[in-house]
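Novice: One predicted model, sequence on top.
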Amino acid sequence: MNVSEAIQRRMSVRAFTEQPVSREIIQKLLEDAARSPSGSNLQPWHVHALTGNALKALLSEMETKGASPAPGYAIYPEGLVEPYRTRRYQTGEGLYATLGIPRDNKAGRMEQLFRNANFFGAPVGLFIMVDRQMGAPQWADLGIYIQSLMLLAVDAGLDTCAQAFWAMFSSRVEEFLETPKDQMLFCGIALGYRDETAQVNDYKTSRAPFSEWGQLHGFDVAAE
């Protein structure tokens, strides 16, 4: 599989099989992704990978202790403008339509949202952390690492779903992991083997055409 094929195959998978993922595979994915570029080679990412009893303990604590949503950062800007507002709306509506959950079924939609809380049944849950002192450039570096990791997962026959959901419960996760106070949770990632029979995995988002976001300059000039 080449990079182009991995990019085309990658999608947010929201249902996984119970097939475990070995320590060797996970560690190789994380280490290979660390070859991602970062400004001045800061490598600002910190990663926690949970499976088995460790993952069960986290999910149990989340269920028994509970937590009120308190994002460590603004997941979306206040007053999201167009075309981003429409894209966000269409993504949610497309997902719920695939599952047959109408807009007036608030309970059904909330139930689907909180499937995030068990990593959609994935055998591995990842938490991506970053130092609190880091700024926008380092957050961009974090995104590059995450993209590398997700593409490497596809190459290994695995699938993922990046989850900003977990940032809403950052303090609970940080407490469970006993992370240093100067680190904050950026996101979670569900990782495992795709459940090919799950209806939710039939949904794949579209992309805006190049004309909406790209411009080419000077390419029409004949080469000398």
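Specialist: Here it is on my side, so go on. Numbering: from 1, shown residues only.

Novice: you'd agree P44 is up against D141?
Specialist: Yes - with contacts counted by Cβ atoms under 8 Å, P44 reaches D141, the gap being 5.5 Å. To be clear about C-beta, it is placed using only N, CA and C from the backbone, and glycine gets the same treatment.

Novice: shared neighbours of the two, which are they?
Specialist: Each of S38 lies in contact with both P44 and D141 under the rule Cβ atoms under 8 Å, 6 or more residues apart in numbering.

Novice: residues in contact with P137?
Specialist: So P137 contacts G39 (Cβ under 8 Å, 6+ apart).

Novice: Look at it and report its pLDDT.
Specialist: pLDDT for P137: 98.

Novice: Would you agree D141 is in contact with L42?
Specialist: Yes - when contacts are counted by Cβ under 8 Å, D141 is listed as touching L42 (6.7 Å).

Novice: The two - which one has more neighbours?
Specialist: D141 (22 against 12; other Cβ atoms under 10 Å).

Novice: give me the element that one is part of.
Specialist: Using DSSP states H and E, D141 sits within helix 136-155.

Novice: Please apply the same query to C187.
Specialist: Here C187 is assigned to strand 183-192, by DSSP H and E.

Novice: helices and strands of this structure: which one bottoms out on pLDDT?
Specialist: Every helix and strand in the chain was compared by mean pLDDT, DSSP states H and E; the lowest is helix 106-113, with a mean of 89.

Novice: Give me the next element, helix or strand, following it.
Specialist: Assigned by DSSP H and E, the successor of helix 106-113 is strand 124-131.

Novice: Which residues does that following strand contact?
Specialist: Here strand 124-131 makes contact (Cβ under 8 Å, 6+ apart) with 21, 26, 44-51, 55, 58, 119, 138-139, 142, 145-146, 149, 166, 173, 177, 179, 182-192.

Novice: Now A67. Its backbone dihedrals?
Specialist: Backbone torsions for A67, taken as degrees, to the nearest 10, come to phi -170, psi 140.

Novice: Excluding chain neighbours, give the residue nearest to it in space.
Specialist: Once flanking residues are discounted, A67 sits nearest to R172: 4.2 Å by Cβ to Cβ, 6 or more residues apart in numbering.

Novice: Check the burial of the one you found by counting its neighbours.
Specialist: 19.

Novice: Checking my notes, it in a helix, right?
Specialist: Yes - counting by DSSP: H, G, I helix; E, B strand; the rest coil, R172 is located in a helix.

Novice: Let me see the contact set for it.
Specialist: Here R172 is in contact with E61, M62, K65, A67 (Cβ under 8 Å, 6+ apart).

Novice: Check it and give its pLDDT.
Specialist: In this prediction, R172 carries a pLDDT score of 92.

Novice: For the helix holding D141, list every residue counted as buried.
Specialist: Residues of helix 136-155 classed as buried by neighbour count (16 or more other Cβ atoms under 10 Å): 138, 141-143, 145-146, 148-155.

Novice: go on, stretch 210-224?
Specialist: Buried residues in stretch 210-224, counted by 16+ other Cβ under 10 Å: none are found.

Novice: How far off centre is that stretch?
Specialist: 32 Å (Cα atoms, centre = their mean, to the nearest Å).

Novice: Could you list the low-confidence segments of this protein?
Specialist: 221-224 (pLDDT under 70).

Novice: just curious, which of the buried residues of helix 136-155 is nearest to E196?
Specialist: Set against E196, the nearest of those by Cβ to Cβ is V154 (14.6 Å).
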